[in-house]
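*Asks:* model the structure of this input:
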Amino acid sequence: MLKKAKFLSLGFLLAFATSAYASSGSISGSLPDEMNNKAAVEKEMSIKDQLKRQAEKQLKSEELKISNRIKLHSTEEMNAETLKKEGKVLSSPNEMPSIQASVTTASYNHNINWNVWGYGDIILGNGPSSGSSSSVPYGYYRHGATYDDYYGNFISAMPNKGVYRESKRFWETNYKEVVGYWVPDASLDQREKVISYLRQQMGEPYDWSSSKTNYDEWYCTKLPYVGYKIKASIDIDSNGGYWVTPDNIADDEQTYLFMRSEG
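*Replies:* The predicted model follows:
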């Protein structure tokens, strides 16, 4: 009986050792999987961290652009911004003069790189001629237009002309300061649709007193506003007021300055 008991005890110990070894082997066999999972998680976190840093860098770059734009503008713009904040901007259509008067021949000669312009880019101008004041009651910029890359010119609106086309030469000679803004949130397809829509308005009448929701009468910067609003679902009016002035487009968070030229 003693020998049998010893034999049974020895068998039990061997079985226990074998089980423990097998268990140990299964644990050690899972370690590579855990290490692989950990490496995958660390890689994913590294990629997310890089993307976050890139986003922060892009944000700082855009903030710098906005900061530079403010610094580049004249005292007249600063005064206009102050009036806006104090609520002294004219608000009745009957009180507001035309957003742009007829432009006379001026002596400016900008050297603009037109190669960087594309569908739907918006051009704004300050100071229509060397012999007239650059200040206007509705802000710093006094005129705007939208670039049609296919024809290589701009679609805008003027009193006594309605919706019509403006040449590059028009913008090179008639404004003391010329700037270009684009809408990066709009895809190329959306920008082309914006321009296609503006082409359909050619010959429509000019009316500065028309509201933003009236799609039968136009003024210069109402055209790109409506185009982006209905064709790209992007609102580029910074203050949501009755009008969409050139300054409203320049100040909007969804438009970005990419060019500036002073004649």
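*Asks:* show me where pLDDT drops low in the stretch 101-250 of the chain?
*Replies:* 101-106, 128-135 (pLDDT under 70).
*Asks:* distance of Leu223 relative to Gln190?
*Replies:* 16 Å (C-beta to C-beta, to the nearest Å). In this view, the C-beta of every residue, glycine as well, is placed from N, C-alpha and C.
*Asks:* neighbour count winner among those two?
*Replies:* A direct count of neighbours by other C-beta atoms under 10 Å for Leu223 and Gln190 places Leu223 higher, at 25 against 18.
*Asks:* the more buried one - that's part of a strand, no?
*Replies:* No. Assessed with DSSP: H, G, I helix; E, B strand; the rest coil, Leu223 is helix; it does not lie in a strand.
*Asks:* quick one: contacts for it?
*Replies:* 145-146, 155-157, 163, 198, 201 (C-beta atoms under 8 Å, 6 or more residues apart in numbering).
*Asks:* adding secondary structure and distance to Gly240, write those residues out as a markdown table.
*Replies:* Below are these laid out as a markdown table (DSSP: H, G, I helix; E, B strand; the rest coil; distance: C-beta to C-beta, whole Å):
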| residue | secondary structure | distance to Gly240 |
| --- | --- | --- |
| Ala145 | strand | 22 |
| Thr146 | strand | 20 |
| Ile155 | strand | 24 |
| Ser156 | strand | 23 |
| Ala157 | strand | 21 |
| Val163 | strand | 24 |
| Leu198 | helix | 22 |
| Gln201 | coil | 22 |
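*Asks:* in TSV, list those along with neighbour count.
*Replies:* Shown next, in TSV, are the contacts of Leu223 (neighbours: other C-beta atoms under 10 Å):
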residue	neighbour count
Ala145	27
Thr146	24
Ile155	25
Ser156	26
Ala157	29
Val163	22
Leu198	24
Gln201	20
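*Asks:* now, the most widely separated pair of those?
*Replies:* Spanning the widest gap among the contacts of Leu223 are Ala145 and Gln201, at 12.8 Å by C-beta to C-beta.
*Asks:* give the intersection of the neighbour lists for these two.
*Replies:* Common contacts of Ala145 and Gln201 (C-beta under 8 Å, 6+ apart): 155, 223.
*Asks:* where exactly do the strands run in the stretch 101-250 of the chain?
*Replies:* 122-126, 143-148, 153-158, 162-166, 177-182 (DSSP state E, counting those that start in this stretch).
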